[in-house]
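Colleague: one predicted model, sequence on top.
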Amino acid sequence: MLTIGPISMERPLLLAPMEDVTDPPFRRVCKRLGADIVYTEFISSEGLIRDARRSNQKLKLYDDERPVSIQIFGGNDEVMAEAAQIAEAAGPDFIDINCGCWVKNVVARNAGAALLRDLPAMERIARTVVDAVKLPVTLKTRLGWDRQSIRIVEVAQMLEQAGIQALAIHCRTRDQGHEGIASWEYIEQVKRVVNIPVILNGDVKTPEDVRRAFDTGADAVMIGRAAIGNPWLFGDAKRFLATGEGPQPRSLDERIGVALDHLNMSIDYKGDRYGIIEFRKYWGGYLHSLPLASAVRKELVVMNSLPEIEARVERYREEVEEFNRQREEWQRAQDAPEAQAA
Ligand SMILES: Cc1cc2nc3c(=O)[nH]c(=O)nc-3n(C[C@H](O)[C@H](O)[C@H](O)COP(=O)(O)O)c2cc1C
């Protein structure tokens, strides 16, 4: 059971925070397709208190994506506390602290995963942020700085004491980046020593993975990269958990319908130019494994106007219909008795 303040959910699926990916349009798509809780991408605490325009823009939330968490990062407890108050004013359901980001310019500021090398600083930041806001505070981290220094069990106990209300664990160390296999076995060890909910993250790609992830004893499962190409994964996994049924084949109309809704939300949020440009990275996922996809994707990712994109998508629909018609004809010819006799 995942309980964070007033939120209480049985076996929920969470969309992981992802920089340049989990913007409001993508979060809303995942929410509609079954994600239970979504997170903003991480937001710099320093950027927020300096009122940096880009950081502040990331605070925009929509009612139809709730419950939603704002994730912040930073290496200074006072700056983090002030940033948490700014984030709280934007009205999320809870605040999440990033202690897992491995990239150089974050680690160099003693933020993100760097805090795994400096547990007193991690604890100070956790306590200071918890004290600074009324909303529940959660934290996302990794197993440890490197494979020689995995201290997640101790870290979880320390964070529970500091008032953190749920802990998401990306089951890799900082030196692994996104390489290697996530080590889910640590979840069980952490669950044994803390009472706060533990959220499993790392390498959950299929409905079967989701079931195995819950089998570790995790209270919630968080999905990142696999949702980028396949936001239907949340709904598919829920159906699988409930009934054991595998994913339904997804029709072309359904895929294109969701892609165009997503694109329209992106344009609403970012305006025509950036809404279209920043959506381009999703075309590959929406068109994945469809017939004739590669050619249409190449054209769509250089288009700059919505009517042009809609017209090309409509033409693509017709091309696929024609492709399917020809394929069926060919199949019928193969099955015909004279073809079999030949
Ligand atoms: C493009 C990208 C951006 C990410 N940005 C963030 C971030 O802003 N905050 C964070 O806590 N983790 C971030 N992560 C890590 C993911 O939340 C997640 O921990 C990681 O991808 C492992 O989960 P997965 O195997 O389901 O993708 C990012 C990962 C990717 C691929």
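Modeller: Nice, thanks for sending it over. Quick caveat, the model's predicted, so the values are computed rather than measured.

Colleague: helix or strand: which one has Ala47?
Modeller: Slight slip there: residue 47 is Gly, not Ala. If you go by DSSP states H and E, Gly47 is part of helix 45-49.

Colleague: beyond that helix, next helix or strand please.
Modeller: Next helix or strand after helix 45-49 toward the C-terminus (DSSP H and E): helix 53-57.

Colleague: what is the helix or strand following that next one packed up against?
Modeller: Scanning the chain past helix 53-57 towards its C-terminal end, the next helix or strand to appear is strand 68-73 (assignment: DSSP H and E). Counting by 3 or more Cβ pairs under 8 Å, 6 or more residues apart in numbering; DSSP states H and E, the packing neighbours recorded for strand 68-73 are strand 37-44, helix 45-49, helix 77-89, strand 94-99. Placement of C-beta: from N, CA and C, glycine included.

Colleague: which one of these lies nearest to the ligand?
Modeller: strand 37-44 (3.4 Å; Cβ to the nearest ligand atom).

Colleague: contacts for the closest one, please.
Modeller: Outside of strand 37-44, the residues that reach it under the criterion Cβ atoms under 8 Å, 6 or more residues apart in numbering are 2, 7, 9, 12, 14-23, 27, 30-31, 52, 55, 58-59, 61, 65, 67-74, 83, 87, 92-93, 96, 98, 101, 112, 220.

Colleague: ok, Ile150 touching Gly144?
Modeller: Yes - at 3.8 Å, Ile150 counts as touching Gly144 under the criterion of Cβ atoms under 8 Å.

Colleague: re the thing from before, contact partners of the helix holding Gly47?
Modeller: The set of residues that contact helix 45-49 without belonging to it, under Cβ under 8 Å, 6+ apart, is 52, 54-56, 59, 72-74, 76, 79-80, 82-84, 86-87, 109, 111.

Colleague: check contacts around Arg54.
Modeller: Gly47.

Colleague: what separates it from Ile228, distance-wise?
Modeller: Counting by Cβ to Cβ, to the nearest Å, the separation of Arg54 from Ile228 is 21 Å.

Colleague: before we move on, the earlier item: so the helix holding Gly47, near the ligand or not?
Modeller: No - for helix 45-49 and the ligand, the contact criterion (Cβ under 6 Å from any ligand atom) is not met; the two come no nearer than 13.0 Å.

Colleague: quick one: that helix to chain centroid distance?
Modeller: On the basis of Cα atoms, centre = their mean, to the nearest Å, the separation between the geometric centre of helix 45-49 and that of its chain is 22 Å.

Colleague: could you do stretch 233-241 as well?
Modeller: Offset of stretch 233-241 from its chain centre (Cα atoms, centre = their mean): 15 Å.

Colleague: try stretch 49-67
Modeller: If you compare the mean C-alpha spot of stretch 49-67 with that of the full chain, they lie 16 Å apart, counting by Cα atoms, centre = their mean.

Colleague: for Met9, grab phi and psi.
Modeller: phi -140, psi 140 (degrees, to the nearest 10).

Colleague: domain ranges for the protein, per the record?
Modeller: For the chain, whose domains are defined here by automatic domain parsing, the residue ranges read 2-243, 252-335.

Colleague: and the residue of this structure nearest the ligand?
Modeller: Gly224 (2.7 Å).

Colleague: okay, and the common contacts of Ile150 and Gly144?
Modeller: With contacts taken as Cβ under 8 Å, 6+ apart, the residues that reach both Ile150 and Gly144 are Thr173.

Colleague: who has more neighbours, those two?
Modeller: Neighbours were tallied for Ile150 and for Gly144 using other Cβ atoms under 10 Å; the higher tally belongs to Gly144 (22 against 18).

Colleague: all helices for the stretch 151-300 of the chain, in order.
Modeller: Taking DSSP state H, counting those that start in this stretch, the helices of the stretch 151-300 of the chain run over residues 152-161, 185-193, 207-215, 225-229, 233-243, 252-287, 293-300.

Colleague: just name the most buried of the domains of the chain.
Modeller: Burial of the domains of the chain is given as mean neighbour count (mean count of other Cβ atoms under 10 Å); domain 2-243 ranks first at a mean of 20.

Colleague: end to end, how far does it reach?
Modeller: 21 Å (Cα to Cα, to the nearest Å).

Colleague: how distant is that domain from the center of its chain?
Modeller: Relative to where its chain is centred, domain 2-243 has its mean C-alpha point 10 Å off (Cα atoms, centre = their mean).
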